[in-house]
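> curious how this folds, go ahead:
(2 chains)
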Amino acid sequence: MIKIFHFYGGVHPQEAKISRGVSIVDAPLYPLYTVPLAMHIGAPARSLVKVGDTVLRGQQIGEPASFVSSAIHSPTSGKVKALDVCLSPQGTQLPCVVIESDGEDTPAEPLPPIPDWRDADPDILRKRVAEAGIVGMGGASFPTPVKLSIPPGKSIDTLIINGVECEPCLTADHRLMLESPKMILEGVELVARILGVKNVFIGIENNKPDAIQVLDKEAAAYTDPVIHVLPLHVRYPQGAEKQLIYAITKRQVPSGGLPADVHCVVQNIGSIYAIAEAVIHGKPLYERVTTVTGTPLVSTGNWRFRVGTSYAEAIKLAGGLKEGASIAKLISGGPMMGMTVYSQSIPVMKNTSGILLMAPEEVHQYTSKACLRCGRCNDVCPMQLMPGILSVQIENERFDDAQNWHVMDCIECGCCAYTCPAGRPLVQHMRRAKSEVGAKLRAAKAAK
Amino acid sequence: MSEEVKNTAAAAPAPMPAKPASSAEPALIVSSSPHFHTKSTVDSIMRWVVIALLPACLAAIYFFGLEALRVLAICSIACPAFEYLSAKAMRKSNELHDGSALVTGLLLGMNLPSTTPWWICLIGSFIAIVVGKMIYGGLGCNPFNPALVGRVALLLAFPVVMTTWPMPRIPASLKADSALTEVVPASSATPQATASAVMPATTATPLKFSKGSRTHGSARNLLSDCTPAHQKAPLTYMQMFLGIGKSGSLGETSGLALLLGVILLICLNIVRWHIPVCYLGTVAIITGIAWICSPDSYANPLFHLLSGGLLLGAFFMATDMVTTPLSRTGAIVFGVGCGILTACIRLWGSYPEGASFSILIMNAFTPLIDRYTAGRPFGMPKKKGIKMTA
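Modelled structure (predicted):
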């Protein structure tokens, strides 16, 4: 417990976790839910319902369309009003099922609980994770069953649970750890059994001492495998997968590689909780804890929202805006990596860890100047790239150069742009180059 | 910047909403992450550099009187003025508010003797700002330190004015009785210098003595050699560090004032400690080796560190962000390179001073240093560095 774990680079922005002391509350039922069929990376789910169908809470309404895809379940009981498209936080359009609630919230027949999961076959558990539609709830929303299937030729010896929550403002994982430590630890053991690993670590940043204490106390009861709770140095982006693996195991995920290449699997706290619920109670993933926060709000807090709840309802739930306050930015996620959205009609999805509102006076607007070559971006880049040089190359559209200077390794954490005194939109430059280089690489692959 | 606007538009095409947002919704700003930003800006960095230069400026005014203030004032007004005019001429937006022209002006002024006539100050400012900075595209685009470009141009064009220094003021307790009537030592006095009422005599800098001593063969009693004629006791190293009785350009006198400024900048993460430490360390090691080998012909390292423009160069010129490498490793290479060049020029070159030339030469190497010191990205196999492209 004495050693504090850390990684290279990073920044320490203001934490602004004002909702850390607010308990999780279940959100009320709403008349309308817009449930996207693509709340995950990979192929959108295929709809299993038609307009006018009656659905029950937890009933499957979308089936995985390919290996990398996920099942979708109805958040409540009611009628399918429409099969439509809705807006995603990225600004793209997603196919969605619009469900009109009947107000009864009648549950569907749950998936059969597996109380004897300790003795169950890993394949049965893995199948259950797939049936429950579980995805990575930290933000990337990668389908969890894929992550839990060890690729051929790879071996896993370490399971890392990501309780870092290094994004400022967000407190959903923190509250979940404090309020449901038992469920989380059961989930950890469950996943450890699916993977058959003996090294299990829960990484939590030092700014959540209460969560470290609670989990550490509960973890003492687990001996097979032993679960280690590790306090981590408070440094953004500690919760980035590669950085977390390095901080805990000192293994570097190779460039372009996956955690499995260094024998690790990382799972987010929210996903672990959902896995435990799916196996022990047979409950599919149709709700999640989301932090709604921001200075323009009357109150901030952590709510358990059904997927498909619109941001507008979430903001209303938090008391709406203060007298005379206005919003300049509405962000899906945290302030470092979250996406600004331009409409409050966007639904809460499986990966919506936070809804953040920023007042006009908080929004830092700046014009991009020429690079001053101060080298701060260089010092903070956790991937040890040279963002300053890259951004000049990208401005001049020298994408081949940018590729040679490893732009594809960028994790878009935003440390460089956060620290840039010249106000250069470095992350935007990196994204541009990544899409250009990515398109070129795909074209080259297709030509082969 | 029009270029910037173009890039932004290409990077983030605004997609059409799936359904038109209802008119009741407020207009929201859509931008790329991150949405938090440090308070540090170019303007604030330059403001801190000006503040860090103030102790040395005040010391210069103390030692050389109002003449020093005159030189500093001319340069720090002329540099922003030339930047404004060239931005106008180039039809570029005016970036005067960032304060970088003021920094260049102060640094240029600190590199001049207090007797420099006003028109030489103006020429220096013009060369520094227009030739050294604006023709490359302004702040951030210049390959060489603008103040040094100005100084070196003046040094080559007006060698006598640039190497004739007035006697600094010394405290009364140190004064010899007949101080003011002493004869003018070695270097020739310029008309400007003798005309100056405040500074009655000119003197060579300690460094110049060290150069002379090599031919005369007595580097052992350098300190007493270079003691100003109006001071009774020989110069001490402490005096040299404080700047008392040491002649030179405005910013070359007080090492203490320069040190205070640079420590402030290091604490604010504006200057990397790597450059000054490696620079001074390398000079000390090379001059130290020469001194150990032949103490009669070479000055000792402490004397080298405390004399001439080395401290000013190492603290404020070699640490200029724009013209130095990006990474820490690069900063170390840069500092060591400056140190080797300075020591070589001082020991074996024909100029007494080597700091300006060595920093300018290393500025030219900066892109190359950046390329070779580019770190191995996280998760890269050990031997695969940056591939070269034409």
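> just give the closest residue to the residue of the stretch 201-350 of chain B found nearest chain A, not the sequence neighbours.
In the stretch 201-350 of chain B, the residue that lies nearest chain A is B:Leu326 (4.1 Å; Cβ to the nearest Cβ). Placement of C-beta: from N, CA and C, glycine included. Using Cβ to Cβ, 6 or more residues apart in numbering or on different chains and skipping residues adjacent in sequence, the residue nearest B:Leu326 is A:Gly375, 4.1 Å away.
> the one you found reaches A:Pro387, doesn't it?
No - between A:Gly375 and A:Pro387 there is no contact under Cβ atoms under 8 Å: 10.0 Å.
> more crowded one of these two?
More crowded of A:Gly375 and A:Pro387, by other Cβ atoms under 10 Å in any protein chain shown: A:Pro387, with 29 against 22.
> which residue is nearest the centroid of chain B?
By Cα atoms, centre = their mean, chain B has its centre lying nearest to B:Met317, at 2.5 Å.
> pLDDT value on the nearest residue to it once chain neighbours are set aside, please?
Computed as Cβ to Cβ, 6+ apart, the closest residue to B:Met317 that is not its neighbour in sequence is B:Ile359, at 5.2 Å. Looking at B:Ile359, its pLDDT stands at 95.
> swap in the one 10 residues further on?
What the model reports as pLDDT for B:Ile369 is 93.
> so what's it up against?
Taking Cβ atoms under 8 Å, 6 or more residues apart in numbering or on different chains as the criterion, B:Ile369 is in contact with B:325, B:330, B:333-334, B:337.
> got the domain ranges for the chain?
Picked chain A for this. A:1-26+A:109-365, A:376-447 (automatic domain parsing).
> let's do chain B instead
Taken from automatic domain parsing, chain B resolves into B:42-162, B:201-373.
> compare the mean pLDDT across these and name the weakest.
With a mean of 84, domain B:201-373 has the lowest mean pLDDT of those.
> please look at the residue nearest to the centre of chain B and B:Pro146 and confirm they touch.
No - using Cβ under 8 Å, B:Met317 is not in contact with B:Pro146, being 10.3 Å away.
> just to revisit the earlier point, show me what contacts the residue nearest to B:Leu326?
If you count contacts by Cβ under 8 Å, 6+ apart, A:Gly375 has them with A:388, B:272, B:321, B:325-328, B:331.
> for it, grab phi and psi.
Here is the backbone geometry of A:Gly375 (degrees, to the nearest 10): phi 80, psi 10.
> could you list the low-confidence segments of the stretch 1-150 of chain A?
Residue ranges of the stretch 1-150 of chain A with pLDDT under 70: A:1-6.
> hmm, B:Gly313 and the residue nearest to B:Met317 touching each other?
Yes - the criterion here is Cβ under 8 Å, and B:Ile359 meets it with B:Gly313 at 5.7 Å.
> name the residues contacting each of the two.
Counting by Cβ under 8 Å, 6+ apart, the contacts common to B:Ile359 and B:Gly313 are B:Cys338.
> quick check: closest non-adjacent residue to B:Leu256.
B:Leu242 (5.4 Å).
> what is the neighbour count of the one you found?
17.
> ditto for the one 4 residues further on
By the measure other Cβ under 10 Å, the count of residues near B:Lys246 is 28.
> looks like it contacts B:Met238 (just checking).
No - when contacts are counted by Cβ under 8 Å, B:Lys246 is not listed as touching B:Met238 (11.0 Å).
> helices of the stretch 251-400 of chain A, residue ranges please.
Applying DSSP state H, counting those that start in this stretch to the stretch 251-400 of chain A gives helices spanning A:269-280, A:311-317, A:376-380, A:387-395, A:399-404.
> closest to B:Ile127 out of those helices?
Proximity to B:Ile127 (Cβ to Cβ) singles out helix A:387-395 among the helices of the stretch 251-400 of chain A, at 26.3 Å.
> close to chain B, is that closest one?
Yes - against chain B, helix A:387-395 shows contacts by Cβ under 8 Å from any Cβ of the partner chain at A:388-389, A:394-395.
> give me the mean pLDDT for that helix.
93.
> packing partners for that helix?
Judged by 3 or more Cβ pairs under 8 Å, 6 or more residues apart in numbering or on different chains; DSSP states H and E, helix A:387-395 is in contact with helix A:376-380, helix A:399-404, helix A:426-447, helix B:2-11.
> determine which of those helices approaches A:Ser66 most closely.
helix A:426-447 (17.6 Å).
> buried residues in the closest one?
Buried positions in helix A:426-447, judged by neighbour count with 16 or more other Cβ atoms under 10 Å in any protein chain shown: A:426-434, A:436-437.
> before we move on, what about stretch B:295-302?
Those would be B:297-301, for stretch B:295-302 by 16+ other Cβ under 10 Å.
> before we move on, what about stretch B:131-148?
Applying 16+ other Cβ under 10 Å to stretch B:131-148 flags B:131-134, B:138-140, B:142, B:144-148 as buried.
> now, which of those sits nearest chain A?
Chain A has its nearest neighbour among the buried residues of stretch B:131-148 in B:Gly140, at 3.3 Å by Cβ to the nearest Cβ.
> phi first, then psi, for the closest one.
For B:Gly140, the backbone dihedrals are phi 100, psi -20 (criterion: degrees, to the nearest 10).
> what residues are up against it?
A:369-373, A:422, B:322.
> the stretch 151-300 of chain A against chain B: which residues are in contact?
A:168, A:242, A:246, A:252-255, A:257.
> just these now: which is nearest A:Ala325?
Proximity of those to A:Ala325 (Cβ to Cβ) peaks at A:Pro168, which lies at 19.7 Å.
> in this structure the closest one contacts A:Ser19, no?
No - using Cβ under 8 Å, A:Pro168 makes no contact with A:Ser19, being 11.6 Å away.
> in what helix or strand does A:His231 lie?
If you look again at residue A:231, you'll see it is Pro, not His. Under the criterion of DSSP states H and E, A:Pro231 resides in strand A:227-232.
> dump that strand to PDB, keeping only the CA atoms.
Extracted C-alpha coordinates of strand A:227-232, given in PDB (Å, rounded to 0.1, in the frame of the first residue of the first chain):
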ATOM      1  CA  ILE A 227      -7.600  -9.000  -5.200                       C
ATOM      2  CA  HIS A 228      -5.100  -6.100  -4.800                       C
ATOM      3  CA  VAL A 229      -6.400  -2.600  -4.400                       C
ATOM      4  CA  LEU A 230      -3.800  -0.200  -5.700                       C
ATOM      5  CA  PRO A 231      -3.700   3.600  -5.000                       C
ATOM      6  CA  LEU A 232      -2.500   5.600  -7.900                       C
END
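> how far does that strand sit from the chain's center?
With Cα atoms, centre = their mean, to the nearest Å as the basis, strand A:227-232 stands 20 Å off its chain's centre.
> run the angle between the helix or strand just after that strand and strand A:227-232 for me.
Next helix or strand after strand A:227-232 toward the C-terminus (DSSP H and E): helix A:241-249. On the basis of axes from the mean of the first three to the mean of the last three Cα atoms, to 10 degrees, helix A:241-249 is oriented at 110 degrees to strand A:227-232.
> list of residues touching helix A:241-249?
For helix A:241-249, contacts defined as Cβ under 8 Å, 6+ apart pick out A:5-8, A:10, A:158, A:160, A:162, A:164, A:201, A:203, A:230, A:232-233, A:237-238, A:251-253, A:259, A:262, A:264, A:266, A:382-383, A:411, B:378-379.
> mind listing what's buried along that helix?
Going by 16+ other Cβ under 10 Å, helix A:241-249 has these buried residues: A:241-249.
> I'd like those as JSON lines, with pLDDT appended.
Formatted as JSON lines, the buried residues of helix A:241-249 follow (pLDDT from 0 to 100):
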{"residue": "A:Glu241", "pLDDT": "91"}
{"residue": "A:Lys242", "pLDDT": "92"}
{"residue": "A:Gln243", "pLDDT": "92"}
{"residue": "A:Leu244", "pLDDT": "93"}
{"residue": "A:Ile245", "pLDDT": "93"}
{"residue": "A:Tyr246", "pLDDT": "91"}
{"residue": "A:Ala247", "pLDDT": "90"}
{"residue": "A:Ile248", "pLDDT": "91"}
{"residue": "A:Thr249", "pLDDT": "90"}
